[in-house]
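A.B. asks: Predicted structure and sequence below. I'll ask about it afterward.
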Amino acid sequence: MKVHIIACGGAVMHNMAIALHQMGYQVSGSDDEIFDPALSRLKRYGLAPETFGWFPEKIDTSLDFIILGMHARSDNPELAKAKELGLKIYSFPEYVYEHAKNKTRIVIGGSHGKTTTTAMIMHVLKVLGKDFDYLVGSQLEGFDTMVKFSEAPIMVIEGDEYLTSALDPVPKFHKYKPQIALLTGVAWDHINVFPTFDNYVEQFKIFIDSMGDSGQLAYFSGDPILVKLASEAKLKTVAYNTPHYHIRNGKVVVSLSERYELEIFGEHNLQNAEGARRVCEMIGIDEKSFYQALGSFKGTAKRLEKVHESANLLVFRDFAHSPSKLKATVEAVRSRYTGDKLIAVFELHTFSSLNKNFLPHYQHVMAPADHALVYFNPHVFELKKMEILDSQYIEKCFGDDVEAVNDIQQLIEKITNFRGNVSGGRCVLLLMSSGNFDNAVLW
């Protein structure tokens, strides 16, 4: 099979190129820019384009199909040539479905916790020696790629609700039509695409309806929106919530029919684990096998990832960017490190978090921290052609005791000062962003 990928440099797209290459397909691709680590990984497999840009001459009738990345615009010249020639064009979720249509498809969706829950299921399946394909939104320890295609009977898919492609602007997870699914929660996000909360919720109802009457849905029963959607669904539903647990010698111990010690912490992660267990139960994995396998799971990159530890400083980074994610992450770290000083730092980076009208949804989400800082770079507002907000307005939206800072050196100084004022104890620094804090080292 001969395949060309338009916009091959994204996190998922370059992994898809590698996965197809590993299946023996002849793969080419184009993009107007590709950054590391994607560029280096594509070069390692001989898949990196020789020159950045769009080249319609690459598109001819020898291609079996095209895969269109979300980054490609509707007026992309390679796309225009493919349409002119009448070639088969898939968005990446459409191709994932095409590959997995005869497999058991497991899709993990929700506004938060998708990557972690998907990773938990993948980890357990791998430990138990199960053969499976997957698509996940982060590079995971123990897995070479974020996408795997093979002849395996199962595919585990992280189901993002963001849009499919320029040709088909509907949520990706509408395309997968799973037999088994899990929804972690519904908290308004992507307001540039879903302008009202009702519109956002409707996408999850469409997803549930896409499963058909014979599907099985696990859902978090602590979310009233999901409870309502589940009550209206025609398929089989299974509720889950936080399992019973306690802390022993600094480790989380879950108590069900037996006791299981875990590396992860935070109620939201324990909810993710219990949801993952219910999904695994649907494919024949019992409680004991699941939790014993999960015991060696240490988390995923940028999801409460420990990046530094010394006698007086512990640093975590997290991908949290929506209000619900921030709240859950700050509470998890606070409850785990009750005796330490917690400095929570959040970077405004996504369209929603930079939006003046959405920002009040962040009220008090960082309240458990001893010190809370919000960083914003005015240049990011300019790049996204959005109204630049001032520090006073941001502080008002987040609530009392939150400082907003628009200079990276000032942010570093404030963190340093907070750390210097701690005597005889340890600081825990929690860095939350879907960006990178201008590539600065903050400790």
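C.D. replies: Looks like it came in fine.

A.B. asks: For residue 414, list the residues it contacts.
C.D. replies: Residues near residue 414 by C-beta atoms under 8 Å, 6 or more residues apart in numbering: 373, 403, 405. Every residue, glycine included, has its C-beta placed from N, CA and C.

A.B. asks: can I assume the second one is in contact with residue 374?
C.D. replies: Yep, that's residue 403 we're talking about. Yes: using C-beta atoms under 8 Å, residue 403 is in contact with residue 374, at 7.2 Å.

A.B. asks: Need the residues touching each of those two.
C.D. replies: Between them, residue 403 and residue 374 share the contacting residues residue 395, judged by C-beta under 8 Å, 6+ apart.

A.B. asks: For those two, indicate the residue with more neighbours.
C.D. replies: residue 374 (25 against 17; other C-beta atoms under 10 Å).

A.B. asks: hmm, back to that, quick one: which of the contacts of residue 414 sit in strands?
C.D. replies: When these are checked against strands (DSSP state E), the matches are 373, 403, 405.

A.B. asks: following the lengthiest helix in the chain, which helix or strand comes up?
C.D. replies: Determined from DSSP state H, the single longest helix within the chain is helix 267-282. Counting by DSSP states H and E, the element after helix 267-282 in chain order, helix or strand, is helix 287-294.

A.B. asks: returning to what we had before: distance to residue 191 and pLDDT added to the contacts of residue 414, as a markdown table?
C.D. replies: Compiled in a markdown table, the contacts of residue 414 are given as follows (distance: C-beta to C-beta, whole Å; pLDDT from 0 to 100):
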| residue | distance to residue 191 | pLDDT |
| --- | --- | --- |
| 373 | 24 | 98 |
| 403 | 25 | 97 |
| 405 | 24 | 97 |
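
A.B. asks: about what we covered before: helices and strands around the longest helix of the chain, which ones?
C.D. replies: Here helix 267-282 touches helix 114-127, strand 180-183, strand 216-220, strand 236-240, strand 251-255, helix 287-294, helix 323-336, going by 3 or more C-beta pairs under 8 Å, 6 or more residues apart in numbering; DSSP states H and E.

A.B. asks: how distant is the host helix or strand of residue 94 from the center of its chain?
C.D. replies: The secondary structure element spanning residue 94 is helix 92-100 (assigned by DSSP H and E). Distance, stretch centre to chain centre, for helix 92-100: 19 Å (C-alpha atoms, centre = their mean, to the nearest Å).

A.B. asks: residues making contact with it?
C.D. replies: Residues outside helix 92-100 that contact it (C-beta under 8 Å, 6+ apart): 12-13, 16, 65, 67-70, 90, 105, 133, 135, 149, 155, 157, 164-165, 168, 172-173, 175-177.

A.B. asks: now do stretch 434-443
C.D. replies: 308, 313, 315, 319, 321, 345, 347, 349-350, 375, 377, 380, 408, 411-412, 415, 419, 429, 431.

A.B. asks: which ones among the residues you listed are found in helices?
C.D. replies: 380, 408, 411-412, 415, 419.

A.B. asks: Please tell me which one of the residues you listed counts the most neighbours.
C.D. replies: residue 411 leads those on contacts (other C-beta under 10 Å) with 22 neighbours.

A.B. asks: show me what contacts that one?
C.D. replies: By C-beta under 8 Å, 6+ apart, the contact list for residue 411 reads 345, 373, 375, 405, 437, 440, 442.

A.B. asks: In strands, which of the residues you listed appear?
C.D. replies: Per DSSP E, those map to strands at 345, 373, 375, 405.

A.B. asks: what about the third one, neighbour count?
C.D. replies: So the one you mean is residue 375. Neighbour tally, residue 375, other C-beta under 10 Å: 27.

A.B. asks: Mind listing the residues bridging to it?
C.D. replies: For residue 375, the beta-bridge partners are residue 347, residue 405 (DSSP bridges).

A.B. asks: can you offset everything so residue one is 47?
C.D. replies: That works, and once the first residue is 47, the last one we named lands at residue 421.

A.B. asks: Surely it and residue 391 touch.
C.D. replies: Yes: in this structure, residue 421 is within contact of residue 391 by C-beta under 8 Å, at 6.5 Å.

A.B. asks: separation between the residue lying closest to residue 234 once chain neighbours are set aside and residue 271?
C.D. replies: Spatially, and ignoring its direct neighbours in sequence, residue 234 is nearest to residue 243 (4.7 Å; C-beta to C-beta, 6 or more residues apart in numbering). Distance, residue 243 to residue 271, using C-beta to C-beta, to the nearest Å: 9 Å.

A.B. asks: Could you check which of these two is surrounded by more residues?
C.D. replies: Neighbours were counted for residue 243 and for residue 271 using other C-beta under 10 Å; residue 271 has more, 19 against 13.

A.B. asks: Would you mind pulling the contact partners of the helix or strand containing that one?
C.D. replies: Residue 271 belongs to helix 270-278 when assigned by DSSP H and E. Contact partners of helix 270-278, identified using C-beta under 8 Å, 6+ apart, comprise 229, 231-232, 247, 250-251, 254, 263, 265-267, 283, 285.

A.B. asks: one step back: need the ones in strands among the contacts of residue 457 in CSV (columns: distance to residue 170).
C.D. replies: Below are those laid out as CSV (distance: C-beta to C-beta, whole Å):
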residue, distance to residue 170
391, 33
419, 37
421, 37
451, 41
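
A.B. asks: Name the residue closest to the centre of the chain, please.
C.D. replies: residue 161 (4.5 Å; C-alpha atoms, centre = their mean).

A.B. asks: I figured it hits residue 346, correct?
C.D. replies: Yes: Residue 161 is within contact range of residue 346, at 5.8 Å (criterion: C-beta under 8 Å).

A.B. asks: can you list residues touching both of those two?
C.D. replies: Common neighbours of residue 161 and residue 346 (C-beta under 8 Å, 6+ apart) are residue 184.

A.B. asks: That's all I had, so thanks and see you.
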